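Engineer: I'd like to go over a predicted model; first the sequence, then the structure.
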Amino acid sequence: MSAVCISCAAEKELPLARCSRCGLAPVGPDRALSVIASTRLLTEPELREVQKRILAGEPFRPSRSRVEAAGRVLAGQAAVAPVNLTRNQAVALALGNLLLTPALGFAVWFGLRQRPGLGARQALWLTLPVSLGLFGSWALLFVYHLRG
């Protein structure tokens, strides 16, 4: 799911597309609300929560900062959703660090360091212990070889 209808909470592919269930085509202020009710500005769990609230009959009233971010998106400026690693992504990154190289984790950290959310910090915290452990192992092997 990448968006929900702000009227009936139906899932839709694009935030500004006409809803196939209720027929709402976002125009005027509904355009900003529709952009907010999408993965362009919300994480999947946040979007599910918005969908539940709309289904419960609550009016969709996002914060002023979200409305401003939607305005920037509609004006052509990129707004970036927060990035947090899921459990599966964290496990995959940890395994990649162990089985391949910690450079993988540092690359993920480098790519996420300017984005909002905890993704960069999570990547670094998964990568540093593996890097230090591998460095220590190589150092011990080197010292053992010199004495050997």
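Structural biologist: In hand now; what should we look at? Numbers count the residues shown, from 1 in each chain.

Engineer: Any stretches of this protein with poor pLDDT?
Structural biologist: Counting by pLDDT under 70, the ranges of the chain that qualify are 1, 77-81.

Engineer: any chance you could map the strands in it?
Structural biologist: 3-4, 11-12 (DSSP state E).

Engineer: Turn these into CSV, including distance to V143 and mean neighbour count.
Structural biologist: Backbone N, C-alpha and C define where each C-beta goes, glycine included. Shown next, in CSV, are these (distance: least, CB to CB, whole Å; neighbours: other CB atoms under 10 Å):
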stretch, distance to V143, mean neighbour count
strand 3-4, 58, 26
strand 11-12, 59, 17
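
Engineer: And those strands: which comes nearest F110?
Structural biologist: strand 3-4 (30.0 Å; CB to CB).

Engineer: Which parts of this structure belong to which domain?
Structural biologist: Domains of the chain are assigned by automatic domain parsing as 3-74, 87-147.

Engineer: Let me know which of these is tucked in deepest.
Structural biologist: domain 3-74 (a mean of 16; mean count of other CB atoms under 10 Å).

Engineer: Now do that one: distance from first to last residue.
Structural biologist: 15 Å (CA to CA, to the nearest Å).

Engineer: Contacts only, for I6.
Structural biologist: Contacts for I6 (CB atoms under 8 Å, 6 or more residues apart in numbering) come out as 24, 26, 30, 33-34, 37, 54, 60.
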